[in-house]
Every structure is written in structure tokens, then in C-alpha cells.
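Chemist: the sequence and its predicted three-dimensional model are supplied below.
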Amino acid sequence: MIALEPRATPSRALSLMSPVIAIALTLIVGGALLAAMGKPPLEALYVYFFQPFDELWKWLTIPDQRGMWIYTPSEVLVKAIPLALIGAALAVCFRANVWNIGAAGQYTLGAIAAGGVALYGPEGPAWLVLPLYLLAGVLGGLAWAAIPALLKTRANANEILVSLMLTYVAAQLLDYLVRGPWRAPGGFPETPDFQQAYLLPYLLDGTRLHAGLILAIVIALALAVMMRHTLQGFQVRTVGAAPRAAAFAGFSVAGTTWFVLLLSGGLAGLAGAVEVSATVQQLQPEISAEYGFTAIIVAFLGRLNPAGALLGALVLAVSYIGGENAQIMLRLPKDVTGIFQGMLLFFLLACDTLIRFRLRLSLGRAA
Amino acid sequence: MEAFLIQMMIAATPVLLAGLGELVTERSGVLNLGVEGMMLMGAVGAFAAAFLLGSTPLAIVIGAASGALMALIFAVFSISFLANQAATGLALTIFGIGASGLIGQPFVGQPLEPLAKLDIPWLSDATVLGRVLFAHDAMVYAALLLAAAVAWFLGRTRAGLSLRAVGDNPDSAHALGLSVIRTRYLATLFGGAMAGLGGAYLSIAYTPMWGPNMTAGRGWIALALVVFATWRPGRLVLGAYLFAAVDIMRFYAGSIDDWICARAGLLCGGDQADRFLTQMPAQVLSMLPYLATIVALVLISRNVALTKANAPASIGRPFRPST
């Protein structure tokens, strides 16, 4: 019989190693799964997790004529940007024991609000209109997250379910806008292209690596500093770990709920605005809102530390790009990516337990 | 109206089945947010079985088994390994969406014969009421019977009392010699099997077909219904039927408008602006079930006394036997 025995102090080594262990376990079990599907496991894992870093010299290369961006490592960073923005904020949110799992909806609303500005906003120089555009994105996400915050603090409504229901509402709203009033003349259900001044600048010629990278790094590090070194961060951690103690200390639980939901909603909205401006440059019915869900794994992979979310975002971005490569090269359905991502979260959570407990084999006597 | 009521009973069945399972799971103190993933696995498992083996009973069993298997993964991580329940449930949903998509790939777009309707002589066709109440497939009634069975089990049996004790105060239950871990495992597996059944009903009876992500949030709605029902099976039936009524409104926009016009004594022409639902964008009608769920959740949750009365006191908290 295997039993869990509490450790006197949480294992420091394990708490640093747990993401690595979880990734390793995912590779092992994932490899077995691929083998069971009749795919060569080592080759498939190579395509998934190492090929995106292959050919690093292509860093600066221009994509080939078919527009195959996916082989360049810069595309990994492009995918990592929205994941890092949302994941870093969700790390703060989860620390407060507030479960905003509707980041996908807040992301969509951010894209809608910012997209509205980019389509119908004033013409002007980029340095003037781009901040306006990003602010609209933040406000869109903020407004969407304010709904679960209000209903949680005023009516005690479960924020998990409310924020999640709102993702479906947001998706329908976007669908309505791009097929209805905002639709561009012509065949496809999509808006016109954004005005030029509203497009985020690219950092490197020949790649899609855009200025959102700087935003993501600065914001994630700022959040990490806030969590470690400010009273606000201490309040978030205390409310999450011991709400009663926090209340005795004079911290407002409701205030913290508002703070973390608005923070994560605002940044998810920012991510939506950044993503559509930098990649598709218009609104479409499908704008990769699933980043909002994947970012949950990012937050846990970063051990609920906003700076760690930067690394987490990188790993998940690799799995996305690897998944796309595997789809093309090995004819593996893209659903396999979801399976890997789900497994990764399972193993991460189990590792969290092993930080606080040690496994002990005891003979006989079941618990 | 008649067609609407018939369709409502059918549309309520998947969320009712999944909700009943989650209700029992939560009553034992376990919050499994993976209902959506378990339903999807049940849906794809049942569809594959029905398509390949051609047997409906076998398809239903395999659907339930697929859901239970998913619940077992959840139980190992969250009950045995004490992992955070909310996050483990999310992982289960992400995993289930991927796995069901992968398994279901060969079956996308394949047709399937719907479940046979029970045909009870003269009851099923004599009156309007007869047609509404007695013209369904067996699963619609099975869901209602299961609701009654769950209510009886939780309220009237010793095992049900033990399960509630485990959910309210696992430490005391453990001290009394009840096995908290075993009870929670069984309750979680039951929840998975029921979610699998709900998914199976979607793919082999309601639609009947398989499509990726075909549950469209019904697993999450089932979770919300459990809160709405304040953890009581009777109210869960009510909640599921109310949800279904809102859910299918979009298919009956025209008839509902006619009905309102007739009742209100209004003159409503075919293309007139006062036809309220018909002129609404399709997307707005599609939002309604989700918005209605939020409203229902808020109305119930505001009443703290009502919620607290039946909410399992230790829901979501992992338990480790002290000795």
C-alpha cells in the first residue's frame, strides 16, 4: 500500500523540479500513447517538442513561398505571447484562490473592443492610436471579468461557472459581429482589415515576432515583483491561503476578488487585442480564444508565479507548434495536442502534492 | 406546443443524467469540474460502439463505462494524490476534449439510427398528454427513474447517509469508521458513469451523430444545475427541464411568437417587427441558455440560507486519513 506522509518542510528541490518532472512524465506517457496509435514514438516526440527549436539558424529567415511560418522558432514566441500575458495574470488570480476559467471570453471581448476601435476609431499616428487600441482591449476584458466579480461578491455566485458561461456568450457575440454589422463586403465572414496605424510593429524583419513580446515580459515580471514585494501581493497570497486570517488582518476578501478578476480579465483582454492586431489583423469568427484555457496550464506550469508563467508559456507554445508540425508531417490529428496538455496538467498537480508529502510504501494495513 | 414539450423532455435528458451524477459526487465532498470531458468521452464511446457493434444497449453501457474511466483518472489524482480538485477537473476536461476528438475522428459525419421510441398502446397516442409523456425512448424515463432513485438513496438509505456524512465532515466520518476514500471513489465513479450516459444520450439518441466538442458546454451547465438545485435531485429535474426549455427556444422562435401573439391578442404578420424572437439574430438565441444559467445561478446563490442548507460542507477539500 502506498501512503502519503507529510514532509516537515516542503521539498525545495522538488518544488523547482516539479515542472521538469511533469514534462518528463508527459513525454513518457505521451510516447506510449503514440506507440499505441502505431506512430513511431521517438520520432513523433521529436517533431512535437524539439523540431520547433530545430534549425535555429532559421531564426531570421524569411518564410518560404508557401508561407510556412511554422518551422521558425520565432513562431513559438508569437504563440507564447498571449499565453504568457494570460497565464501570468491567472497565476495571480489562482493564488488568491479565485478561479477565473473564463479568460477565453475576456480575451474575446478584448479583441472585440479593440477591434471596434481599429475599425471605426480615429486615424492618426501609431504612437497615438496604438495605446488607445490596447487600452480598449484591456477595458473590454475588464468589463467581461467584472461580471463574475460583481456576481461573486454581491450574490455569492460561483465565479468558475459564471466566467465559463460568459465564454460561450462572448463567442456568440463575436460571431454575430463578424457575420453581421461589422462584416466586410465580400464573401467571408470577417471584418475589414484593421487600419495600418493600429497594427503592432514587428520586432524582426521577416518574422511575425511583434512588440507584444516586450509587453508580455514586462508585465509578467512586474506581476512577479508585485506578488513578492508589495502589500497588494501579500494580500492576494494571504486571502488565497487563509481567508479567515486575512479578514482578521483587515484585508478585504471581496476587494481581493475584484482585484484579481479585473487584473486577469484586463490582461486577457490585452492579449486578445495584441493577438488579433499582430496576427490576423482583422476580426474573424475564430480568433484562437482557446489560449484562455491553455493559459490555465501555463499558470500551473509556472508554479503560480507570474515570472514562471513566461517559461510555462514557452513550453505550451512549443506543444502547439509541435502539434501543427506533427499534423503536417505525421498526419497526427491536432487533438493529440489537447491530450498532451491535459496530461501535463495532471502530472503537474500530482507533483504539487509530492512537494508537500512523501510517498511511503507500507505493507499491509490499508488506510 | 406539443412538439415543444416533447423536444424539451429529450433536450433535458443529457444534462439531467450528468447533473445527477455530479450531484452524488459533490454530496460526497468531491467537486469534479471535468463533467464536460466525461460527457464527451461517453458520447464518443457510445457512438463508436453503436456504429461498430450495432447494439444500442451495449453502446449505452460503453458510454457509461467511458465516463467512469475518465472519473477514475480524476479520482486517482484528486482523491489519492490530493491534487487540487478544481484544477484536476479542468485538466480532465482539456484531456477529454482532446481524447474524444482523436477517438471520434473516423466517425465524424457518419449517420446513425436514432433510439426507438417506446410505443405504449393507446397511452402513447390517445391524448396530447399521452403523446407528450409517453412517446419517448427508454432513456428519457430512465433519467427520471434515476432521479427518483438518487433522491431515495441519499435521503432514505444508510449508505446515502454515510455518503452525506463523508461530504459534510470527512474527519468525523473517518473517526466513525466509514471509509472516506472508498466512498469518494465510488461517488466519483458514479458521477463519471452518469456523465458518460448523458453524453451517450446526446450522440446516439438526441442528435444522433458524433461531432467534436458536441456537448457545447452541457457538462458545465450540469455543474451549474447542481448548484441551482441546491444539491437536491427533485429540483435538479426541474432545473434540467427549465434549461431545456430555454435551450430549444431557438428552434421554435416562429411558433413561440405565434403563440405569444395569439395569447396577447396582437396582430402579428409574418414579417412584422413585433415578432420578437423571429427577428432576433440567431447568435442571441444561442446565448440564451448560457445567460439563463447565469441568472438562475445568481438567483439561487443570493439566498445563502437555501444554498447552505444542502451544500456539502467540505466540498472541494482533499481528505487524508490521519491514521
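Modeler: Happy to help now that I have it.
Chemist: alpha carbons only for contacts and neighbour counts from here, please
Modeler: Noted.
Chemist: what's whichever strand or helix holds A:Arg237 packed up against?
Modeler: A:Arg237 is part of helix A:231-241, with elements assigned from DSSP states H and E. The contact analysis (3 or more C-alpha pairs under 8 Å, 6 or more residues apart in numbering or on different chains; DSSP states H and E) places helix A:231-241 against helix A:73-95, helix A:212-229, helix A:243-248, helix A:253-275.
Chemist: worst mean pLDDT among those helices?
Modeler: Mean pLDDT values for the helices and strands packed on helix A:231-241 show the minimum at helix A:243-248, a mean of 90.
Chemist: ok, and what's touching it?
Modeler: A:235, A:238-239, A:252-253 (C-alpha atoms under 8 Å, 6 or more residues apart in numbering or on different chains).
Chemist: could you look up the SS state of A:Arg358?
Modeler: strand (DSSP: H, G, I helix; E, B strand; the rest coil).
Chemist: on that earlier part again, out of the helices and strands packed on helix A:231-241, which comes closest to A:Leu311?
Modeler: Closest approach to A:Leu311 among the helices and strands packed on helix A:231-241 (C-alpha to C-alpha): helix A:73-95, 8.2 Å.
Chemist: what packs against the closest one?
Modeler: Secondary-structure packing of helix A:73-95 (3+ C-alpha pairs under 8 Å, 6+ apart): helix A:212-229, helix A:231-241, helix A:253-275, helix A:291-301, helix A:306-329.
Chemist: what about residue 232, how many neighbours?
Modeler: Here I'm looking at chain A. Other residues lying near A:Gln232 total 15 when counted by other C-alpha atoms under 10 Å in any protein chain shown.
Chemist: ah, no, chain B please
Modeler: Burial measure for B:Arg232: 22 neighbouring residues, criterion other C-alpha under 10 Å.
Chemist: quick check: it touching B:Ala151?
Modeler: Yes: using C-alpha atoms under 8 Å, B:Arg232 makes contact with B:Ala151 at a distance of 7.3 Å.
Chemist: ok, the residue nearest to A:Gln327 when sequence neighbours are not counted - contacts?
Modeler: Excluding the flanking residues, the one nearest A:Gln327 by C-alpha to C-alpha, 6 or more residues apart in numbering or on different chains is A:Pro333, at 5.7 Å. The contact partners of A:Pro333, taken as C-alpha under 8 Å, 6+ apart, are A:326-327, B:102.
Chemist: list the contacts of the helix holding A:Arg237.
Modeler: Residues from elsewhere that reach helix A:231-241 (C-alpha under 8 Å, 6+ apart): A:92, A:94-98, A:226-228, A:245-247, A:251, A:253, A:256, A:260.
Chemist: residues near the residue in the stretch 51-200 of chain A positioned nearest to chain B, how many?
Modeler: Taking C-alpha to the nearest C-alpha, chain B has its nearest neighbour within the stretch 51-200 of chain A at A:Ala155, 4.4 Å off. Neighbours of A:Ala155 under the rule other C-alpha under 10 Å: 18.
Chemist: any idea how far it is from B:Gly104?
Modeler: 40 Å (C-alpha to C-alpha, to the nearest Å).
Chemist: same question for A:Thr9.
Modeler: Using C-alpha to C-alpha, A:Thr9 is found at 46 Å from B:Gly104.
Chemist: now A:Arg7: how far from A:Gly302?
Modeler: The value you get for A:Arg7 to A:Gly302, if C-alpha to C-alpha is used, is 22 Å.
Chemist: out of these two, which sits in the more crowded spot?
Modeler: For A:Arg7 and A:Gly302, the more surrounded residue by other C-alpha under 10 Å is A:Gly302, and the numbers stand at 24 against 13.
Chemist: give me the nearest residue to the more buried one, chain neighbours excluded.
Modeler: A:Gly302's closest residue in space is A:Gly308 (C-alpha to C-alpha, 6+ apart), at 3.9 Å.
Chemist: quick one: contacts for that neighbour?
Modeler: Contact partners of A:Gly308, counting by C-alpha under 8 Å, 6+ apart, are A:88, A:299, A:301-302.
Chemist: now for the residues you listed: which two are most distant?
Modeler: Farthest pair in these, by C-alpha to C-alpha: A:Ala88 and A:Leu301, 10.7 Å.
Chemist: who has more neighbours out of the two?
Modeler: Shown here are A:Ala88 and A:Leu301; by other C-alpha under 10 Å, A:Ala88 has more neighbours (37 against 29).
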